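Peer 1: got a sequence here, can you model it:
(one chain, ligands or ions: 1)
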Amino acid sequence: MPRKTQIVVVGGGAGGLELVRRLGAKYGRKHHDIILVEKNRTHIWKPLLHEVAAGSLDANMDEVGYRSHCHRWGYRFFNGQLETVDREARQVILAPLLDEDGSELVGRHAIRFDYLVVAVGSVTNDFGTPGVAEHCMVLDDRAGADRFRNRLLDHCLRVSRAMSNDPGADAHVRIAIVGGGATGVELAAELYNSAAALRHYGLEVFDESRLQICLIEAGPRILPALPERLADAAKAELEALGVTVLTGVQVTEAVPHAILTADGQRFEADLLVWAAGVRAPEWLGALGLEVNRNNQLVVRETLQTTRDERIFAIGDCCAFTPAGADRPVPPRAQAAHQMAATVYRNLIRLQQGRPLEPFVYRDHGSLVSLSRYSTVGSLMGNLVGGRMAIEGRLARLVYTSLYRMHLISIHGWLKGVALLLVGRVNRIIRPRLKLH
Ligand SMILES: Cc1cc2nc3c(=O)[nH]c(=O)nc-3n(C[C@H](O)[C@H](O)[C@H](O)COP(=O)(O)OP(=O)(O)OC[C@H]3O[C@@H](n4cnc5c(N)ncnc54)[C@H](O)[C@@H]3O)c2cc1C
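Peer 2: A predicted model of the protein is given here:
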């Protein structure tokens, strides 16, 4: 029996899951083994994490189980965490898989590859700020979002109790969010949306006026990726909700229940969230491949890593700087999606002995959701004649269509559209908040 061509994709997120779906659908299992290595058992689209954290989205309803997905689309799923890559032997090494009690379920093992695609995403960058790792929560994955939601609900309950025991008590849930990029801004707005709904779910003495959110940004304005007018509109919307937006404030340390700043201020809070940037995981730097100072794997225009043409990298964990540009393509879901499409075609071309195509990033713009209150952003492209600022319903429609496109690209048209319809029904029949 001739050996099957083994394509291993590590990371089943926005880029990796789309890629294995397409490769599995194209090749099946006859002459190929398409293998997904992923540390979690289920996938949730990362741009939804702030909604999971705020409780306005029940991740159980939207997540995709890798085992059933791989069965449907003809790839194999290995649940495990990539530890390192033995480039000489062309093997990825997976760390031992442990159960909840820490007992070993599967020992450390190796998987052979002919081609490897690294799609492990990014983690929050604390820029070495003291105390952040110990005292701040981050929205890197579902576990982090669940942790935040549970603590939020505990504090909401505490405040509700305090207020019903003493109606004169001016109790609040205080939240400090560091980072005025899309994640911080979206989380702040989503929290007001959830708080407004809580009184319908048993916390009678609680509403959005019991929230005190402080958004701290080091740069001169929030949402630096958006045109200034839109960033100002977003800031005005947040302030109207009750968020204190501070710009030009450098955070120097996180301590228990407080954020300290370079100008000597101390922001006390019950919950501290760090959302001030991302970097690729540390261990990528130990693979012997070229990385930049953010640990991202540096790739050529074909998305092959510079030192190993059998290894590709896509999404947040790779650094690709288009010719003439002064910075790499930004870490966004649309970039991961476009890179997955290019690598899919290049893997086919490689096996056909044809030259590989270069990756061309098409920036379709960026959108920031302020929950049900507003959506702001800018669209790019020939269709709109360059860059067009949008706000309100149209922006909301485009924003939600991004997730719809992701669902269709991982499930195909039929199931993707069916899931969208189920989602609409669920919105009517299920509670508005996830309270556990
Ligand atoms: C709250 C929030 C809101 C966002 N909003 C937007 C938005 O509106 N628009 C937008 O374009 N982008 C947004 N982003 C960014 C977007 O989510 C990322 O750019 C995108 O998910 C990157 O895709 P990826 O495939 O590179 O990585 P990911 O989607 O993060 O997937 C990486 C996968 O790799 C797995 N993995 C990691 N390490 C290992 C390992 N060692 N072994 C095995 N598996 C591993 C992870 O479990 C994960 O499943 C947002 C991000 C956040 C956190």
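
Peer 1: run through the residues that contact the residue most central in space within the chain.
Peer 2: Residue closest to the average C-alpha location in the chain (C-alpha atoms, centre = their mean): K46, at 3.0 Å. The contact partners of K46, taken as C-beta atoms under 8 Å, 6 or more residues apart in numbering, are 13-14, 121, 333. Placement of C-beta: from N, CA and C, glycine included.

Peer 1: look over the residues you listed and name the one with the lowest pLDDT score.
Peer 2: Looking at the contacts of K46, model confidence by pLDDT dips furthest at A333: 93.

Peer 1: ok, it touching L49?
Peer 2: No - A333 lies out of contact with L49 (C-beta atoms under 8 Å); the separation is 11.6 Å.

Peer 1: still on that earlier bit, so which of the contacts of K46 is the closest to E282?
Peer 2: G121 (13.3 Å; C-beta to C-beta).

Peer 1: need the residues of the protein near the ligand, please.
Peer 2: Taking C-beta under 6 Å from any ligand atom as the criterion, the chain approaches the ligand at residues 10-16, 37-40, 46-47, 49-50, 81-82, 119-121, 139, 182-183, 281, 315-317, 331-334, 336.

Peer 1: sorry, back to before: look at A333 and L49 and report which has more neighbours.
Peer 2: Ranked by neighbour count (other C-beta atoms under 10 Å), A333 and L49 place L49 first, with 24 against 19.

Peer 1: report pLDDT for the more buried one.
Peer 2: 95.

Peer 1: now it: which helix or strand?
Peer 2: helix 49-54 (DSSP states H and E).

Peer 1: and what of V92?
Peer 2: With elements taken from DSSP H and E, the one containing V92 is strand 91-94.

Peer 1: list the neighbouring strands of that strand plus their orientation.
Peer 2: strand 82-86 (antiparallel), strand 109-112 (antiparallel) (DSSP bridges).

Peer 1: quick one: residues in contact with the helix or strand that the shortest one is followed by.
Peer 2: Using DSSP H and E, the helix or strand that follows strand 109-112 in sequence is strand 115-118. When contacts are taken as C-beta under 8 Å, 6+ apart, the neighbours of strand 115-118 outside the stretch itself are 5-11, 16, 19, 85, 90, 92, 284, 297, 305, 310-314, 317-318, 343, 347, 350.

Peer 1: at 7 Å instead, please
Peer 2: 7-11, 19, 85, 92, 297, 310-314, 317, 343, 347 (C-beta atoms under 7 Å, 6 or more residues apart in numbering).

Peer 1: kindly report the same for stretch 174-184.
Peer 2: 50, 139, 187-188, 191, 211-217, 222-223, 247, 251, 259, 267-277, 368.

Peer 1: what subset of these is buried?
Peer 2: 50, 139, 187-188, 191, 211-217, 222-223, 251, 259, 267, 269-277, 368 (16 or more other C-beta atoms under 10 Å).

Peer 1: count of residues packed around the closest residue to E217 other than its chain neighbours?
Peer 2: Nearest-residue entry for E217: G180, 3.0 Å, with adjacent residues in sequence omitted and distances by C-beta to C-beta, 6 or more residues apart in numbering. G180: 28 surrounding residues under other C-beta under 10 Å.

Peer 1: for G180, give its distance to the ligand.
Peer 2: Counting by C-beta to the nearest ligand atom, to the nearest Å, the gap from G180 to the ligand is 14 Å.

Peer 1: same check, this time on V8
Peer 2: 11 Å.

Peer 1: name the element that residue belongs to?
Peer 2: Assessed by DSSP H and E, V8 sits inside strand 5-10.

Peer 1: CA-only coordinates of that strand, as PDB, when you get a sec.
Peer 2: C-alpha atoms of strand 5-10 as PDB (Å, rounded to 0.1, in the frame of the first residue of the first chain):
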ATOM      1  CA  THR A   5      -0.100  11.900   2.100                       C
ATOM      2  CA  GLN A   6      -0.500  13.200   5.600                       C
ATOM      3  CA  ILE A   7      -1.500  16.900   6.100                       C
ATOM      4  CA  VAL A   8      -1.500  18.000   9.700                       C
ATOM      5  CA  VAL A   9      -3.300  21.200  10.700                       C
ATOM      6  CA  VAL A  10      -2.700  22.300  14.300                       C
END
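
Peer 1: tally of neighbours for V278?
Peer 2: Residues within reach of V278, counting by other C-beta under 10 Å, total 20.

Peer 1: ok, now which ones touch it?
Peer 2: So V278 contacts 122-125, 316, 331 (C-beta under 7 Å, 6+ apart).

Peer 1: mind running it again at 10 Å?
Peer 2: 121-125, 138, 140, 181, 183, 294, 296, 316-317, 330-331 (C-beta atoms under 10 Å, 6 or more residues apart in numbering).

Peer 1: and it, how far is that from P328?
Peer 2: 12 Å (C-beta to C-beta, to the nearest Å).

Peer 1: joint contacts of these two?
Peer 2: 294, 296.

Peer 1: low-confidence ranges, the stretch 151-300 of the chain, go.
Peer 2: 202 (pLDDT under 70).

Peer 1: quick one: the helices in it?
Peer 2: Along the stretch 151-300 of the chain, the segments classed as helices by DSSP state H, counting those that start in this stretch run 182-198, 228-241.

Peer 1: indicate the residue of the stretch 101-250 of the chain located nearest to the ligand.
Peer 2: G121 (2.6 Å; C-beta to the nearest ligand atom).

Peer 1: thinking again about what came up before, most surrounded residue in the contacts of K46?
Peer 2: Among the contacts of K46, the one with the most neighbours (other C-beta under 10 Å) is A14, at 27 neighbours.

Peer 1: that residue touches A335, doesn't it?
Peer 2: Yes - the criterion here is C-beta atoms under 10 Å, and A14 meets it with A335 at 9.0 Å.

Peer 1: overlap in contacts of these two?
Peer 2: What both A14 and A335 touch, as defined by C-beta under 10 Å, 6+ apart, is the set 314-316.

Peer 1: pick out whichever of those residues sits closest to the ligand.
Peer 2: Nearest member of the shared contacts of A14 and A335 to the ligand, counting by C-beta to the nearest ligand atom, is G315, at 2.1 Å.

Peer 1: next, that closest one: phi, psi?
Peer 2: Dihedral angles of G315 (phi, psi; degrees, to the nearest 10) stand at phi 80, psi -150.
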